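Trainee: I'd like to go over a predicted model; first the sequence, then the structure.
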Amino acid sequence: MSESGLQNLAKELITNNTISPDYYQEYDVKRGLRNLDGSGVLAGLTHISSVIGSKKSSHEMVPVEGVLKYRDVSLADIAASCTEGSSNNFEKICFLLLVGRYPNDSELSDLVGYMADHRELPQAIIAGIIDGIPSQDIMNKLQTCISALYAYDNDADSLDPVENFLKSLRIIAKIPMIVAYSYLKTFKADAKRVLPTKDMSHAKAFLYMLYEGNDVSAFNEYIIDLALVLHAEHGGGNNSTFTTYVVSSSGSDIYCSLAAAVASLKGPLHGAANKKVMEMMADIKSHVSNWDDTNEVKDYLAKLIRKEAGDQSGKIYGLGHAVYTKSDPRALAIKGVAKAIAEQCNRVDEHNLYNLIAAETPGVFQDVKHSKKVISPNVDFYSGFVYDCIDIPQEIYTPIFAMARITGWCAHRIEDMLSGKRIIRPGYKFVNPK
């Protein structure tokens, strides 16, 4: 059969693979593993983090201010401790998430040194994958490189928790080089590749490679260090972390588990939201003539929600979250940074537009949708703006997310190896087409 003939089968294929929504109601299927009230189906337990965006009353879920804790430490307190001039905050969080407590000075020094010693990639991976595979998507290259690292581990299939802790640190250490080198190869063919020095923090090493050996300011290092801290972990139920659980529960190796998590994070419903925010903001800026005119901004927001403008998705990207309602603590942390960096970069008017959209969208959303749903800015709303101010290209927004979140994936994998001990195997019911 010719390709055109195969394409003609598409209608039949679609018909035979579409399940009536009636069945999902009839059998009370937890679509997306979510309950009717929007809460997640309880599928596991964790010590690693706590994510709270609502509380259950006798009849419904009640919106509350968002709370995120790493182990038992509030993210708000963690973010407040990250200041310009401080460094290795991300490395401290790696220790906290993986080990379960903050390191002392000696332990932090050992961890930082160990990661610095394992930053470099095998030359065969650089030549064969980063240089040799013509993918335009950095997440695809990241996934492939992580899979390839399996071949350079003499005990790659080990399920020993201590070995997996060390493997985690070695893999985490290599992600900045994969992302920076892949971006430069794909989008700047004449770029200069440099190696960071051992005394550079994880955040500074990444920027040093991305900036091709040019100076990295303390402020820019702080921005990336904080961004990595804010994105490092977010509970066991998010799609990429749950993917890690699913693959790890089969007894698969750490490289396969993390490559699968990267594949999940690449999906536009999970990891690409800050890029979508930037695209949406470019559209808004081009169609709203007066950024200070509240009514003009509200009118255009209503058009976006009614699918009359923008990408016609009906979404205001960066507003709303699957768990958080009244506030996202990560967004609150990065909002203050956005204000400071807007002043430095002479982009205060643009930052004010962000704030106006954040303030007015909830009301416009409720008016247009006739909904009482409570929404607020999530971490993606401001993060793209912050990255753009320090010359981070949009092509690596999601890879930076992965660079941070891989820490949480590794922590959950080790926890599940010690506590889960069962392969994840939910039920699917066969139904005849109606």
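Mentor: Structure's in. What do you need? Just so you know, these numbers come straight off a predicted model, no measurement behind them.

Trainee: correct me, but E296 touches H287?
Mentor: No: with contact defined as C-beta atoms under 8 Å, E296 does not reach H287; the gap is 9.4 Å. Glycine gets a C-beta too; all of them are placed from N, C-alpha and C.

Trainee: what's the strand or helix carrying N352 packed up against?
Mentor: Element membership of N352, judged by DSSP states H and E, is helix 348-369. The elements that helix 348-369 packs onto, with contact taken as 3 or more C-beta pairs under 8 Å, 6 or more residues apart in numbering; DSSP states H and E, are helix 273-287, helix 294-305, helix 329-344, helix 379-389.

Trainee: quick check, distance from the last one to the centre of its chain.
Mentor: It refers to helix 379-389. 13 Å (C-alpha atoms, centre = their mean, to the nearest Å).

Trainee: Please write out the alpha-carbon positions of the very next helix or strand once past it in PDB.
Mentor: Using DSSP H and E, the helix or strand that follows helix 379-389 towards the C-terminus is helix 397-419. Extracted in PDB, the C-alpha atoms of helix 397-419 (Å, rounded to 0.1, in the frame of the first residue of the first chain):
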ATOM      1  CA  TYR A 397      14.100  27.500  29.000                       C
ATOM      2  CA  THR A 398      12.800  23.900  29.400                       C
ATOM      3  CA  PRO A 399      16.300  22.400  29.500                       C
ATOM      4  CA  ILE A 400      17.100  24.700  32.500                       C
ATOM      5  CA  PHE A 401      14.000  23.400  34.100                       C
ATOM      6  CA  ALA A 402      15.400  19.900  33.600                       C
ATOM      7  CA  MET A 403      18.800  20.900  34.900                       C
ATOM      8  CA  ALA A 404      17.100  21.800  38.200                       C
ATOM      9  CA  ARG A 405      14.300  19.100  38.400                       C
ATOM     10  CA  ILE A 406      16.700  16.200  37.800                       C
ATOM     11  CA  THR A 407      17.600  16.600  41.500                       C
ATOM     12  CA  GLY A 408      14.100  15.900  42.500                       C
ATOM     13  CA  TRP A 409      13.800  13.000  40.100                       C
ATOM     14  CA  CYS A 410      16.900  11.400  41.600                       C
ATOM     15  CA  ALA A 411      15.700  11.900  45.100                       C
ATOM     16  CA  HIS A 412      12.300  10.300  44.400                       C
ATOM     17  CA  ARG A 413      14.000   7.400  42.600                       C
ATOM     18  CA  ILE A 414      16.200   6.600  45.600                       C
ATOM     19  CA  GLU A 415      13.200   6.900  48.000                       C
ATOM     20  CA  ASP A 416      11.100   4.600  45.900                       C
ATOM     21  CA  MET A 417      14.000   2.000  45.700                       C
ATOM     22  CA  LEU A 418      14.000   1.900  49.500                       C
ATOM     23  CA  SER A 419      10.200   2.200  50.100                       C
END
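
Trainee: what is the orientation angle of helix 397-419 with helix 273-287?
Mentor: 150 degrees (axes from the mean of the first three to the mean of the last three C-alpha atoms, to 10 degrees).

Trainee: For the closest residue to S168 other than its chain neighbours, the count of nearby residues, please.
Mentor: In this structure, S168 finds its nearest non-sequential neighbour in C410, 3.6 Å apart by C-beta to C-beta, 6 or more residues apart in numbering. Using other C-beta atoms under 10 Å, C410 is surrounded by 25 other residues.

Trainee: check contacts around C410.
Mentor: 98, 164, 168, 171-172, 254, 258 (C-beta atoms under 8 Å, 6 or more residues apart in numbering).
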